[in-house]
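Engineer: I need the structure of the sequence given here:
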Amino acid sequence: MHDKAIKLNDIIKLSSELNTVQDLDILLDRILTEARKILNADAGSIQIKEGDELIFTSHVQTASLERKLKPGEKLIYTTFRTKINRSSISGYAALTGEIINIPDAYNIPSDAPYKFDPTNDKKSGYRTKSMLTIPLKNSRNEILGIMQIINSLSPDGNKSDFDECAEFCGTFDPADEMIALHFANMASIILQRAQMTRALILRMINMAELRDPKETGAHVNRVASYAVEIYERWADIKMIPRDEVFRKKDVLRMAAMLHDVGKVAVSDLILKKPAKFTPEEFEIMKTHCCQGARLFKLRQSEFDEMAAIVALTHHENWDGTGYPGRIDVETGKALEMDATGKPVPLKGEEIPIFGRIVALADVFDALSSKRVYKEAWDHESVLKEIRAMSGKKFDPDLVEIFFGNLEIIRNIMQRYPDSE
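Structural biologist: A predicted model of the protein is given here:
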């Protein structure tokens, strides 16, 4: 009972911490990490309910497999959807709202209504044993999703290779079920809040999409996800404290989604023109950076600050040929002018790191995507162009980080496909 009290106290403390997280994906990743830690489990996943399906996305963790990776590497998981039905373990929990505690996935009683699918184990070489499946419910008792905690580790199950210590894996007991239920209730409340925040941001994106067809939910989700991956690796190299990285990537993801929101202030005649801009039109288009930053001028949080920075600087170039340059955001007038009377652009590390990161993420996605005025470039051509713009348009260090994380980048592309 003493151990249970300690764990409940940890959950209460964690609730306060998680309430500061705003982005949905960052939150889900943190919830899963903390649930595994509190329940002393090797692996787990969070599957979000959408209609009559459960979506398996990036919210999957397997500590024993992650320990085998090289520094900076991440496990790549396939994103897929599955229909909710009683024959699967997750589906049964989603339909009934019941916690399912399975001591051994490969020895489920034959009269159980659900079965374990070993497909992923066969692909990865992993061995799923104990499973605790917990429904995530909102205040109206509706299912938001499922949290699955896998392979309880006994005190002896602490070897680095999970295959070697599989025989030492424990099972989840009734006390674990109670802990998981408390955790799920807390997580569900916070999850609802994060979903509302994401919905508000996507409404802003939808508003922009009405003006500019390029600003789709899929596009901004990809750009934001690329940006977070690049930032995490950059921060690791720079030895930024983990608490700061976690806080920054939370707001970066949301800020990156709104990088082009200032386009709502640009005329349809320019936004939707299926041809090259005239010099005069391009000058008008460039004002979207300042317009976007202006939307966040009443800065009440770190998110407002970063969103303004990203909107204003994601078209600045490493070699000093970008825009809008040194301007007063409120008036749009130059603070410092060059010989032609235009604002002096920012250059190199004068450009804030988050602007540099989103610049790379945005251009990569734009080149990879179909537009009304162009077809999508093939992947190799896009990579060749990104490499060619290193030191010109892009920070060379970020380009190297980008190429070092191509597997993850490709996985994100598949996770957020454009709708036909």
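
Engineer: and K115, how many neighbours?
Structural biologist: The number of residues packed near K115 is 13, by other C-beta atoms under 10 Å. All C-beta spots, glycine's among them, are computed from the backbone N, C-alpha and C.

Engineer: please disregard the earlier target; I meant R415.
Structural biologist: 17.

Engineer: low-scoring stretches of the stretch 151-300 of the chain, by residue?
Structural biologist: 154-168, 207-216 (pLDDT under 70).

Engineer: ok, now with 80
Structural biologist: 154-169, 183, 186-187, 190-191, 193-217, 268, 272-275, 298-300 (pLDDT under 80).

Engineer: which stretches in it count as helices?
Structural biologist: Taking DSSP state H, counting those that start in this stretch as the criterion, the stretch 151-300 of the chain carries its helices at 162-165, 174-211, 217-237, 242-257, 268-271, 279-285, 288-294.

Engineer: how much space separates the nearest residue to I351 once chain neighbours are set aside from R371?
Structural biologist: Once flanking residues are discounted, I351 sits nearest to E316: 4.5 Å by C-beta to C-beta, 6 or more residues apart in numbering. Here E316 is placed at a distance of 22 Å from R371 (C-beta to C-beta, to the nearest Å).

Engineer: who's more crowded, the two?
Structural biologist: E316 (25 against 12).

Engineer: pretty sure that one is touching A359, no?
Structural biologist: Yes - when contacts are counted by C-beta atoms under 8 Å, E316 is listed as touching A359 (7.1 Å).

Engineer: ok, I351 touching D319?
Structural biologist: No - in this structure, I351 is not within contact of D319 by C-beta under 8 Å, at 10.7 Å.

Engineer: contacts only, for the residue nearest to I351.
Structural biologist: Contacts for E316 (C-beta atoms under 8 Å, 6 or more residues apart in numbering) come out as G322, Y323, G325, P345, L346, K347, I351, G355, R356, A359.

Engineer: so the fifth one, which of the three states?
Structural biologist: Right, L346. Recorded secondary structure, L346: coil (DSSP: H, G, I helix; E, B strand; the rest coil).

Engineer: so what does the residue lying closest to it once chain neighbours are set aside look like in phi/psi?
Structural biologist: Excluding its sequence neighbours, the residue lying closest to L346 (C-beta to C-beta, 6+ apart) is E316, at 4.5 Å. The phi/psi pair for E316 (degrees, to the nearest 10) reads phi -80, psi 150.

Engineer: gap between the residue nearest to I351 and E349?
Structural biologist: Distance from E316 to E349, by C-beta to C-beta: 11 Å.

Engineer: again with H379
Structural biologist: In terms of C-beta to C-beta, H379 sits 30 Å off from E349.

Engineer: check A388 too.
Structural biologist: Taken as C-beta to C-beta, the span from A388 to E349 is 21 Å.

Engineer: need the distance between the two termini of stretch 91-110.
Structural biologist: 18 Å (C-alpha to C-alpha, to the nearest Å).

Engineer: which of the contacts of E316 are buried?
Structural biologist: G322, Y323, G325, P345, L346, I351, G355, R356, A359 (16 or more other C-beta atoms under 10 Å).

Engineer: separation between N411 and I89?
Structural biologist: Relative to I89, and taking C-beta to C-beta, N411 is found at 25 Å.

Engineer: of the two, who's got more company?
Structural biologist: I89 (22 against 19).

Engineer: I'd assumed I100 was in contact with the more buried one.
Structural biologist: Yes - I89 lies in contact with I100 (C-beta under 8 Å); the separation is 5.9 Å.

Engineer: show me the common contact partners of these two, please.
Structural biologist: Y114, M131, T133.

Engineer: and the first one, what pLDDT?
Structural biologist: Put plainly, it is Y114. The model reports Y114 with a pLDDT of 93.

Engineer: any idea which element K392 lies in?
Structural biologist: Using DSSP states H and E, K392 falls within no helix or strand.

Engineer: how about A359?
Structural biologist: With DSSP H and E as criterion, A359 is part of helix 353-368.

Engineer: can you list the buried residues in stretch 233-245?
Structural biologist: R233, W234, A235, V245.

Engineer: make a markdown table out of the residues you listed and add distance to P71.
Structural biologist: Converted to a markdown table, the buried residues of stretch 233-245 look like this (distance: C-beta to C-beta, whole Å):
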| residue | distance to P71 |
| --- | --- |
| R233 | 10 |
| W234 | 14 |
| A235 | 13 |
| V245 | 15 |
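
Engineer: residue ranges of the helices in the stretch 301-420 of the chain, please?
Structural biologist: 302-313, 353-368, 379-388, 396-404, 406-415.

Engineer: the longest one packs against which elements?
Structural biologist: Helices and strands touching helix 353-368, as assessed by 3 or more C-beta pairs under 8 Å, 6 or more residues apart in numbering; DSSP states H and E, comprise helix 217-237, helix 242-257, helix 302-313, helix 379-388, helix 396-404.

Engineer: could those go into CSV alongside distance to E330?
Structural biologist: Formatted as CSV, these follow (distance: least, C-beta to C-beta, whole Å):
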stretch, distance to E330
helix 217-237, 26
helix 242-257, 20
helix 302-313, 11
helix 379-388, 34
helix 396-404, 30
